[in-house]
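Asker: Dropping the sequence and predicted coords here.
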2 protein chains.
Amino acid sequence: MAEEKLDTKIRREQLAEAAMSLVASQGLRGLSLAAVAQRVGLVPSAIYRHFKNKEELLRAVIDRVEQRLLANVALARKETEDPLEQLQGILMRHIRFIREGRAVPRIIFAEDAHAGNLERRQRVLKVVGLYMGAVGDIIRQAQSEGRIRSECDPPTLAMLLLGIIVPAGILWHLTDGRFDVTRHAQRAWQLFLAACAVEKPTRSHANAHSRRRRRKP
Amino acid sequence: MAEEKLDTKIRREQLAEAAMSLVASQGLRGLSLAAVAQRVGLVPSAIYRHFKNKEELLRAVIDRVEQRLLANVALARKETEDPLEQLQGILMRHIRFIREGRAVPRIIFAEDAHAGNLERRQRVLKVVGLYMGAVGDIIRQAQSEGRIRSECDPPTLAMLLLGIIVPAGILWHLTDGRFDVTRHAQRAWQLFLAACAVEKPTRSHANAHSRRRRRKP
DNA sequence: GCCAATTGTGAACGTATAATCACAATAGCG
DNA sequence: CGCTATTGTGATTATACGTTCACAATTGGC
C-alpha cells in the first residue's frame, strides 16, 4: 500500500529533482515546465499526470530543499559533538552544494523566490526559520559549552553564517564557477570564529588550520 | 547641446528609475515592460522611443545601481575619516535602502540577475567588483591605520560585510518588512568588529553605541 | 502660427508558456 | 489473454510579453 504507486512517486521525484536543479541554475522565475519535462524525457503536458499545476511542482521543490537543508544539519551534527565543528560542517556542506551547482541557497535564499505568490513566500519563510532555528540551536549549545561568547545573539550569528554562504554562491555563479568558494569559506570561517568564539590561542596569527577532531569530552 | 534632449533624458531616467524600483520588488526576471510603462503613465510601446529594447533598459538599470552603490561609498567616505565608521556608514546606508524598498542588493546581488544573458552577467560582475574593490580599499586603509587586524583578507572581509546585508534583505522581503533589519545590522556590525577590529575596549560587553564622530586626527 | 522632429498611441504579430483534452500506449491484475 | 486504470502524447487554447508599425499628438525653433 505504501508502495502501490511507486512508479508515480518515482516520476514525482524525478520531476521535482529536475525542477530543483533547473531552479538552482535559472531561478524560480526562470523555471519552465517544458524544460523540466525535457530533463526527464517527457512531454510538457505529462507533468500534469503527477502534479496538479506548476505551483504544486514548486511546492515539491521547496519540500525537497527543506529536507536537504535539514539533512545537512543532521549530518553535520552526527559527524562530531563539537558544536563549532558542526557549524563548520554545515558551512562546508553548503559550499559543496554550491560547487556542485546544486546550490540550495540559490533556491531558498534567492531574492526572486518570493515575489508574487504569498503562500509560497510563507512556506519559504517557514523553511528558512526551521533551518536558522536549527543553526541557532547549535550556537546556543556552543554557548552553554563555553565555546561561543554568551553575549552573541544566536539568530544574528546564524544569519552571519548564512552571510558567508549566500554572497559566495552569488559570486560563484557570476563568475561561472571561477570564484573559489572553498577558499573564501575557509577564510570567512576564521573570521566567524574570531567574531564569536571564546578563547584566543595565538592572537597574532589565525592559522587555525587542522584544528579539527581534537575534542571529545 | 548638452540639454537639447533634456525631455528625452528625463523620460529615460523616469523609465530607468521605475524599472529599477520594479526590479527591486520583483526581480530582474519579473520585470515587464508593461509594468514599467504603467509606472510612468505611458503605454508599453512608448518605451521604445527611449530604449532600443528591454535589454538596453536593463543596462540602464544596472548603470543606475552602479552609480548608486558608488555614491553610497563616496558619501560614507566623506562623512568621516575613520575607515571603520566609513564601513559602518556603508552598511547602514544599505540597510536604509532595504527598509525603503529600494533595495539595491536585490538587483545586483540577487541570484537571478545573471541567469541567461552573458553580457549582462559580466556587466553585473564588473559592478560588484568595483563596489567590493572600493570596500576593500577602505579595509586596507583601516589596516594601514592599525584599526583592522592585518592578517584579515580584505576581499573576504568585504564579502563578509556584504553577507550582513544580503540575507538581511532577503529576510526583510520574506517577512514583508517585519524583520528588523536595522537591529540585525547593528548586532552583526558588532560581530564584524569583533572579527577583524584591533583593540578590544570592554571585552565583556559590546555596547559600542554612539561611538561615532570622535576621531579627527 | 507653421513645419518638422520628437514623443505617444493603439493595433497587430510572433513567441513562450501554463493548462486542458481527447486519444494512444502501457502496465498491473484477474 | 483481455480488461481497466494509469501514464504519456499531440493538438489546442488562453494568456502574457516583447516588439514593430502606421498614425496621432506634442513640442521647439523659425
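Answerer: Everything's here; your move.

Asker: Which neighbouring elements make contact with the helix or strand hosting A:His173?
Answerer: Per DSSP states H and E, A:His173 falls inside helix A:154-174. Judged by 3 or more Cβ pairs under 8 Å, 6 or more residues apart in numbering or on different chains; DSSP states H and E, helix A:154-174 is in contact with helix A:83-99, helix A:105-108, helix A:118-144, helix A:181-196, helix B:118-144, helix B:154-174, helix B:181-196. All C-beta spots, glycine's among them, are computed from the backbone N, C-alpha and C.

Asker: what about the residue of chain A found nearest chain B, how many neighbours?
Answerer: Closest contact between chain A and chain B, by Cβ to the nearest Cβ, is at A:Gly163 (2.5 Å). For A:Gly163, the neighbour count with other Cβ atoms under 10 Å in any protein chain shown is 26.

Asker: Report the contact partners of it.
Answerer: Contact analysis of A:Gly163 by Cβ atoms under 8 Å, 6 or more residues apart in numbering or on different chains lists B:160, B:162-167, B:188.

Asker: Return the helix or strand in chain A with minimum mean pLDDT.
Answerer: helix A:105-108 (a mean of 73; mean pLDDT, DSSP states H and E).

Asker: does any part of that helix sit near chain B?
Answerer: Yes. Applying Cβ under 8 Å from any Cβ of the partner chain, one finds helix A:105-108 in contact with chain B at A:Arg106.

Asker: Just the CA coordinates for that helix, please, in PDB.
Answerer: Written as PDB, here are the backbone C-alpha positions of helix A:105-108 (Å, rounded to 0.1, in the frame of the first residue of the first chain):
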ATOM      1  CA  PRO A 105      20.600  28.700  -1.200                       C
ATOM      2  CA  ARG A 106      20.000  29.800  -4.700                       C
ATOM      3  CA  ILE A 107      16.500  28.500  -4.300                       C
ATOM      4  CA  ILE A 108      15.500  29.300  -0.800                       C
END
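
Asker: Kindly spell out which helices and strands sit in contact with it.
Answerer: Using 3+ Cβ pairs under 8 Å, 6+ apart: helix A:105-108 touches helix A:6-26, helix A:54-79, helix A:83-99, helix A:118-144, helix A:154-174.

Asker: quick one: A:Ile165 and A:Arg93 touch, right?
Answerer: No. At 9.9 Å, A:Ile165 and A:Arg93 do not qualify as touching, with contact defined as Cβ atoms under 8 Å.

Asker: More neighbours: which of the two?
Answerer: Applying other Cβ under 10 Å to A:Ile165 and A:Arg93 shows that A:Ile165 carries more neighbours, namely 27 against 20.

Asker: Now that one: closest residue in space that isn't a chain neighbour?
Answerer: A:His94 (4.7 Å; Cβ to Cβ, 6 or more residues apart in numbering or on different chains).

Asker: Once you drop chain neighbours, what's closest to A:Ala16?
Answerer: Per Cβ to Cβ, 6+ apart, closest to A:Ala16 is A:Ala60, 4.2 Å.

Asker: Could you check the pLDDT of the one you found?
Answerer: We have a pLDDT of 95 for A:Ala60.

Asker: Give me the neighbour count for it.
Answerer: A:Ala60 has 19 neighbours, counted by other Cβ under 10 Å.

Asker: How about A:Gly101?
Answerer: 13.

Asker: May I ask you to confirm that it belongs to a helix?
Answerer: No. Applying DSSP: H, G, I helix; E, B strand; the rest coil, one finds A:Gly101 to be coil, outside a helix.

Asker: Now do the same contact list for it.
Answerer: So A:Gly101 contacts A:21, A:24-25, A:177 (Cβ under 8 Å, 6+ apart).

Asker: Repeat that for A:Phe179.
Answerer: A:168, A:171-172.

Asker: at 6 Å what do you get?
Answerer: A:171-172 (Cβ atoms under 6 Å, 6 or more residues apart in numbering or on different chains).

Asker: so what's it scoring on pLDDT?
Answerer: The model reports A:Phe179 with a pLDDT of 96.

Asker: separation between it and A:Gln26?
Answerer: Remark: distance between A:Phe179 and A:Gln26 (Cβ to Cβ, to the nearest Å) = 19 Å.

Asker: Kindly report the same for A:Leu69.
Answerer: From A:Leu69 across to A:Gln26, the span is 20 Å (Cβ to Cβ).

Asker: Of those two, give the one with the bigger neighbour count.
Answerer: Each of A:Leu69 and A:Gln26 has its neighbours counted (other Cβ under 10 Å); A:Leu69 has more, 25 against 19.
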